[in-house]
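>>> Just a sequence and a predicted model for now, questions to come.
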Amino acid sequence: MEFAQIALFVFGASSIYLVGRTDNLRKWGFIVGLCGQPFWFYTQVQDENWGIFALSCIYTYSWSVGIYNHWIKRPKVKQ
């Protein structure tokens, strides 16, 4: 099995598991998911699978939105 496939499995399964949690570990799922994206891009370019490449661009954006919402954005102060 190729290293990229192992990385896809580890990052993909871990990120979905973490995002599905209800505790403070949830926000780490977005970081783990984004860390897996280079392996998706590598695999898709290598296999010339351009449709899935375009989908991975959307996934990368989505993981980035999660990182923004859970790590960067300041919570609203309730008055």
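Perfect, thanks for sending it.

>>> Spatially nearest residue to the residue nearest to the spatial centre of the chain, not counting backbone neighbours?
The chain has Gly33 as the residue nearest its centroid, 2.1 Å off, counting by CA atoms, centre = their mean. Counting by CB to CB, 6 or more residues apart in numbering, the nearest residue to Gly33 once its immediate chain neighbours are dropped is Ser15, at 3.5 Å. Glycine gets a C-beta too; all of them are placed from N, C-alpha and C.

>>> Nearest residue to Gln37 in space, please, no chain neighbours.
Across the structure, with CB to CB, 6+ apart as the measure, the residue nearest Gln37 apart from its sequence neighbours is Thr60 (4.9 Å).

>>> Near the one you found, how many other residues are there?
Using other CB atoms under 10 Å, Thr60 is surrounded by 17 other residues.

>>> where does it land in three-state SS?
Classification of Thr60 using DSSP: H, G, I helix; E, B strand; the rest coil returns helix.

>>> Specify the helix with the largest residue count in this protein.
In the chain, taking DSSP state H as the definition, the longest helix is helix 28-47.

>>> Buried residues, that one. List them.
Using 16 or more other CB atoms under 10 Å as the test for burial, helix 28-47 gives Trp28, Gly29, Phe30, Val32, Gly33, Leu34, Gly36, Gln37, Phe39, Trp40, Thr43, Gln44.

>>> Summarise which helices and strands that helix is packed against.
Here helix 28-47 is seen to pack against helix 3-19, helix 50-67 when contacts are counted using 3 or more CB pairs under 8 Å, 6 or more residues apart in numbering; DSSP states H and E.

>>> could those be laid out in CSV, adding distance to Arg74 and mean pLDDT?
Below are the helices and strands packed on helix 28-47 laid out as CSV (distance: least, CB to CB, whole Å; pLDDT from 0 to 100):
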stretch, distance to Arg74, mean pLDDT
helix 3-19, 21, 97
helix 50-67, 14, 96
